[in-house]
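> the amino acid sequence is not available; the structure is as follows:
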């Protein structure tokens, strides 16, 4: 049975690799491993296995034309973030976007972020 790509939610480890791919663009396992291993202790084979699982889940696409396979994110960063946010709103906030926003904004929110949010709200009202 074909898996609905929009229903598949990446794990934390998969999101780490997706963030690398969104930043770098298409990359080999070695290139991805170099970036990831700079901030956390992760083996090459671990990165390879996670990418293989992600390929099975249709989270990444793989170019097999060369000896070193090149991986790329199957969906844009914005698409994935939107999917995760919708899931979070549904599961944790009873479908209420305003509850999510009120929980997310607190005293640690910078003046610049508040200004950006205000501008977004103003543009949505128009």
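Received, thanks. Computed from a prediction, not measured in an experiment: that's the story for all the values here.
> and residue 73, how many neighbours?
22 (other CB atoms under 10 Å). All C-beta spots, glycine's among them, are computed from the backbone N, C-alpha and C.
> do the one 5 residues further on as well
Using other CB under 10 Å, residue 78 has 9 other residues around it.
> got the phi and psi for it?
Reported as degrees, to the nearest 10, the phi and psi values for residue 78 are phi -60, psi -40.
> distance of the residue nearest the centre of the chain relative to residue 106?
Centroid-nearest residue in the chain: residue 15, 4.7 Å away (criterion: CA atoms, centre = their mean). According to CB to CB, to the nearest Å, residue 15 and residue 106 sit 23 Å apart.
> same question, residue 84
With distances taken as CB to CB, residue 84 is found 21 Å from residue 106.
> ok, the two, which is more surrounded?
Neighbours of residue 84 and residue 106, each counted by other CB under 10 Å, are more numerous for residue 84; the result is 13 against 7.
> tell me the gap between the helix or strand containing that one and the middle of its chain.
Here residue 84 sits within helix 77-92, counting by DSSP states H and E. A distance of 10 Å separates the centroid of the chain from that of helix 77-92, by CA atoms, centre = their mean, to the nearest Å.
> please name the residues that touch residue 40.
Residues counted as contacts of residue 40 (CB atoms under 8 Å, 6 or more residues apart in numbering) are residue 16.
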